[in-house]
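Undergrad: Sequence plus the predicted model coming up.
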Amino acid sequence: MRPGDPSTVFTVSELNNAARDLLEHSFGLLWVEGEISNLARPRSGHVYFSLKDGTAQIRCALFKSKARLLRVALADGVQVRLRARVSLYPARGDFQLIVEHAEDAGAGALQRAFEQLRDRLDVEGLFAAERKRALPASPQRIGVITSGTGAAIRDVLSVAARRYPLGAIRIYPVPVQGEAAPKAIVAAIGQANARADCDVLLLVRGGGSLEDLMGFNDEAVARAIVASRIALVSGVGHEVDVTIADLAADVRAATPSAAAELVCPDLSAMMRRLPELQARLGQRMAARLTGQHRTLAALTQRLERQAPRRRLETAAQRLDEAEQRLARVAQRRLRAAHQSLHIAEQRLARAQPTARIARARQHLNSLHQRLDRAGVARLEHAQRRLRDASRTLHGVSPLQTLARGYAIARDADDRVIRDAERTNVGDRIAVDLARGRLDCTVEARHAALPQQPRPSEHE
């Protein structure tokens with residue numbers, strides 16, 4: 001039978017089976033989220049329910065073999081996320097989901113966020129074993145970052161009092177769940193490092209749900225733990241609980257009490273071992289002293305064989321000889337230096353720099369005198385040229401012409417009148433004299449006088 005052939009006739013069972021095969025092969029495993037309703041648990045152990053949202057619902061079947069493995073309690077009204085296969089129940093033709101796994105919707109999101117952050121920080125190397133620090137063997141000051149009123153701090157104090165009462169406990173109270181927890185934990189780690197008043201830090205709290213522990217699954221908390229200069233032990237939740245803080249810590253403890261036992265040595269056990277340790281120390285000290293005595297005896301023998309006194313006497317004699325040679329060499333060099341100085345003084349006296357300076361000064365005075373004489377001569381020559389130019393300028397000056405009885409006539413526009421034809425009877429004119437000016441009126445004008453021929457230069 002071929003579904004695409006219009007001539008094929010199906011029975012109802014055949015059609016339902018074909019539809020089921022088509023659905024199962026088309027979708028495969030997928031995740032679906034919704035609210036449980038109409039939950040039924042027959043005696044067979046299988047679980048049947050509907051998964052719905054605001055506008056639709058779908059039937060679901062969870063068979064007994066898978067139901068036994070679930071960690072989430074199924075009930076009406078519970079929001080779940082299902083991993084399921086799309087299928088069809090052939091007997092009734094019901095479209096349904098065959099459920100393989102179910103988890104609380106909120107817890108599933110938190111778990112995925114935890115896994116994504118864990119994988120990313122692991123790739124960065126924040127959880128690498130080679131960067132983790134060793135814990136101090138006998139810490140004098142133990143810092144505890146936890147709730148100031150929870151059971152965890154009581155467990156830590158109880159273990160410390162029982163095992164190691166010599167250690168001083170400093171508590172950094174912080175909220176250990178809720179939105180404020182990560183920021184407070186980061187601040188406490190930073191404060192402990194800034195004060196440097198602890199040899200080791202404990203980050204602890206009691207057990208809880210995944211949502212309760214989310215303050216310890218924060219990226220900022222992990223980076224603060226890695227950046228801490230003080231070794232840090234994480235004891236969060238119960239043994240099965242693993243947080244990002246546990247992975248980033250230098251050492252992870254299963255519980256707060258186990259964390260305290262890791263950093264608090266058992267003082268009573270140490271006291272019981274003290275006699276044994278004292279005996280072992282005495283034996284090692286005796287053996288070491290015996291060895292040192294043997295070494296001293298061997299060195300003494302070597303010293304006697306090498307006769308250091310005679311070697312010192314020989315060295316002292318050689319030192320005296322070297323000092324005498326040095327004194328002789330110094331005296332020779334000093335005499336040579338005195339002789340060189342005497343020769344230099346004689347050469348300096350012959351050079352007579354004082355006489356050379358006097359001659360230079362005399363030559364300089366001669367140059368000054370020549371410069372003064374040349375300056376005076378040039379100044380006199382310039383003055384003569386100035387007087388000649390002044391006389392020439394004075395001779396051609398129009399003022400001289402006016403002084404000889406001539407006048408300059410100007411029209412109303414202050415232009416010089418050279419031709420009588422340029423004026424009219426009645427025009428106002430100005431006449432400049434050698435001394436003063438005349439304002440005149442033209443009463444008549446006359447033709448120009450004939451000009452006399454100028455004598456030739458050869459006459």
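TA: Received, thanks.
Undergrad: what does the lowest-mean-pLDDT helix or strand in the chain contact?
TA: Here the helix or strand of the chain ranked lowest by mean pLDDT, DSSP states H and E is helix 398-403, holding a mean of 73. Outside helix 398-403, the residues that touch it by C-beta atoms under 8 Å, 6 or more residues apart in numbering are 394, 408, 432-434. For every residue, glycine as well, the C-beta is placed using N, CA and C.
Undergrad: do that again at 6 Å, thanks
TA: For helix 398-403, the external contacting residues (C-beta atoms under 6 Å, 6 or more residues apart in numbering) are A434.
Undergrad: Restricting to C-alpha, output it in PDB.
TA: Provided in PDB are the C-alpha atoms of helix 398-403 (Å, rounded to 0.1, in the frame of the first residue of the first chain):
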ATOM      1  CA  PRO A 398      58.900 127.900  -6.000                       C
ATOM      2  CA  LEU A 399      59.300 130.000  -2.900                       C
ATOM      3  CA  GLN A 400      62.500 131.600  -4.400                       C
ATOM      4  CA  THR A 401      60.500 132.400  -7.500                       C
ATOM      5  CA  LEU A 402      57.800 134.100  -5.400                       C
ATOM      6  CA  ALA A 403      60.500 136.000  -3.600                       C
END
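Undergrad: Show the subsequent helix or strand relative to that helix.
TA: Heading C-terminal from helix 398-403, the first helix or strand you meet, by DSSP states H and E, is strand 408-410.
Undergrad: Give the rounded mean pLDDT of that next one.
TA: For strand 408-410, mean pLDDT is 87.
Undergrad: Check which helices and strands it is in contact with.
TA: Judged by 3 or more C-beta pairs under 6 Å, 6 or more residues apart in numbering; DSSP states H and E, strand 408-410 is in contact with strand 428-432.
Undergrad: Now do stretch 269-288: distance to the chain's middle.
TA: Relative to the centre of its chain, stretch 269-288 is centred 53 Å away, using C-alpha atoms, centre = their mean, to the nearest Å.
Undergrad: tell me the domain boundaries of the chain?
TA: Domains of the chain are assigned by automatic domain parsing as 12-110, 133-265, 400-435.
Undergrad: most packed of those domains?
TA: domain 133-265 (a mean of 19; mean count of other C-beta atoms under 10 Å).
Undergrad: hey, where'd the strands end up in the chain?
TA: Along the chain, counting by DSSP state E, strands occupy 29-40, 47-52, 57-62, 79-89, 94-104, 141-146, 168-173, 200-205, 232-236, 251-252, 408-410, 428-432, 437-441.
Undergrad: okay, those in CSV with distance to A297 next?
TA: Below are the strands of the chain laid out as CSV (distance: least, C-beta to C-beta, whole Å):
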stretch, distance to A297
strand 29-40, 84
strand 47-52, 90
strand 57-62, 89
strand 79-89, 83
strand 94-104, 80
strand 141-146, 47
strand 168-173, 49
strand 200-205, 47
strand 232-236, 51
strand 251-252, 50
strand 408-410, 141
strand 428-432, 140
strand 437-441, 141
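Undergrad: Out of those, which gets nearest to E14?
TA: When those are compared by C-beta to C-beta, strand 79-89 sits nearest E14, at 12.7 Å.
Undergrad: model confidence over the closest one, on average?
TA: The average pLDDT for strand 79-89 rounds to 90.
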